[in-house]
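[1] Predicted structure and sequence below. I'll ask about it afterward.
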Amino acid sequence: MSQSLDAYLAALKAALAGSDRALVQDALYDARRHVDHELARLAWEEPLLGPEEALARALATGAEVQMQGVEELAGE
């Protein structure tokens, strides 16, 4: 796992500190799954994209998705 992905998951875990352990585990799993899916999509759609740029894009979209989830939870 790359350092930037590790940092992303660590930041997500820190943001969820104090939350139910199952919620944190689910969020980390979902985030990792999203990044893996996004990397696969980018490899298919943009095969000339370098691995670091692909990971940066995948993490950026992952952060957007996670923020939407946090906003939805906050609105409940």
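    Okay, I see it. Residues are numbered from 1 along each chain as shown.

[2] tell me, how many neighbours does residue 58 end up with?
    Residue 58 sits with 22 neighbouring residues when counted by other Cβ atoms under 10 Å. (C-beta placed from N, C-alpha, C; glycine too.)

[3] how about it, what does it touch?
    When contacts are counted by Cβ atoms under 8 Å, 6 or more residues apart in numbering, residue 58 is found next to 34, 35, 38, 39, 42.

[4] Please convert these to CSV, extending it with neighbour count.
    Shown next, in CSV, are the contacts of residue 58 (neighbours: other Cβ atoms under 10 Å):
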residue, neighbour count
34, 18
35, 21
38, 19
39, 18
42, 18
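
[5] from the residues you listed, which single one is nearest residue 55?
    residue 39 (6.9 Å; Cβ to Cβ).

[6] Report the buried residues of the host helix or strand of that closest one.
    Under the criterion of DSSP states H and E, residue 39 resides in helix 21-45. Within helix 21-45, the residues scored as buried using 16 or more other Cβ atoms under 10 Å are 24, 27, 31, 32, 34, 35, 38, 39, 42.

[7] who touches residue 61 in this structure?
    34, 38.

[8] re earlier: would you list the contacts of residue 58 in a markdown table and tack on pLDDT and distance to residue 10?
    A markdown table is the format used below for these (pLDDT from 0 to 100; distance: Cβ to Cβ, whole Å):
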| residue | pLDDT | distance to residue 10 |
| --- | --- | --- |
| 34 | 89 | 16 |
| 35 | 90 | 14 |
| 38 | 92 | 19 |
| 39 | 93 | 19 |
| 42 | 93 | 23 |
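
[9] what's the farthest-apart pair in the residues you listed?
    Greatest spatial distance in the contacts of residue 58: 34 and 42, 12.4 Å, computed using Cβ to Cβ.

[10] returning to that earlier point: who are the packing partners of the helix holding residue 39?
    helix 3-15, helix 51-75 (3 or more Cβ pairs under 8 Å, 6 or more residues apart in numbering; DSSP states H and E).
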